[in-house]
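Predicted coordinates and the sequence they were generated for:
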Amino acid sequence: MSYVITSPCLGEKFGECVEVCPVDCIFEGEDMYFIDPDLCIDCGACQAVCPVEAIYHEEDLLPEDEMFIQKAKEFFASQE
Ligand code: SF4
């Protein structure tokens, strides 16, 4: 399980989350940031600082935001 960045990040990309993540697992994509689910330690620090409330724990995602789990997987697969 990990935290997931969702639609409010699209086109916003404030990036506060990147600065507070203790394990540096948030990476910049073309239109939004992504959390690497293999590295995230579930600390919640990113969620607390996101100015657009784009970050949710995987278990708390709204059904319409579940696609962002897959979007992150595809982003990290494309980086390999
Ligand atoms: Fe990083 Fe913690 Fe956010 Fe996971 S929950 S992405 S470890 S700040």
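Looks like it arrived, so ask away. Numbers count the residues shown, from 1 in each chain.

and the protein, which residues reach the ligand?
The chain has residues 2-3, 20-21, 23, 25-26, 35, 40-46 near the ligand, with proximity defined as C-beta under 6 Å from any ligand atom. Where you see a C-beta, it was placed from the backbone N, CA and C, and this is true even at glycine.

Might you specify the subset of those located within strands?
Per DSSP state E, strands hold the following members of the residues of the chain next to the ligand: 3, 26, 35.

returning to that earlier point: tell me the one among the residues of the chain next to the ligand nearest to residue 57.
Taking C-beta to C-beta as the measure, residue 57 sits nearest to residue 3 out of the residues of the chain next to the ligand, at 5.6 Å.

May I have the beta-bridge partners of the closest one?
Beta-bridge pairing of residue 3 under DSSP bridges involves residue 57.

Touching, it and residue 48? I think so.
No: taking contacts as C-beta atoms under 8 Å, residue 3 lies outside contact range of residue 48: 10.7 Å.

Which one of those two is surrounded by more residues?
residue 3 (25 against 11; other C-beta atoms under 10 Å).

Tell me the pLDDT of the more buried one.
Here, the pLDDT recorded for residue 3 equals 98.

dump the residue contacts of residue 54.
Neighbouring residues of residue 54 by C-beta atoms under 8 Å, 6 or more residues apart in numbering: 5-9, 12, 32.

In CSV: the residues you listed, plus neighbour count.
Below are the contacts of residue 54 laid out as CSV (neighbours: other C-beta atoms under 10 Å):
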residue, neighbour count
5, 26
6, 22
7, 16
8, 16
9, 22
12, 15
32, 20
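
Would you mind listing the two of these that lie farthest apart?
Taking C-beta to C-beta, no two of those sit farther apart than 6 and 12, at 11.2 Å.

where does this structure have its least confident helix or strand?
Counting by mean pLDDT, DSSP states H and E, the chain has its least confident helix or strand at helix 67-79, which shows a mean of 96.

For that one, C-alpha coordinates in CSV please.
Presented in CSV, the C-alpha positions along helix 67-79 are these (Å, rounded to 0.1, in the frame of the first residue of the first chain):
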residue,chain,number,x,y,z
MET,A,67,-7.0,5.0,-12.3
PHE,A,68,-4.1,7.0,-10.8
ILE,A,69,-2.7,3.8,-9.2
GLN,A,70,-2.3,2.5,-12.8
LYS,A,71,-1.1,5.8,-14.1
ALA,A,72,1.7,5.8,-11.5
LYS,A,73,2.6,2.1,-12.3
GLU,A,74,2.8,3.0,-16.0
PHE,A,75,5.0,6.1,-15.2
PHE,A,76,7.5,4.0,-13.3
ALA,A,77,7.5,1.2,-15.8
SER,A,78,8.4,3.7,-18.5
GLN,A,79,11.3,4.9,-16.4
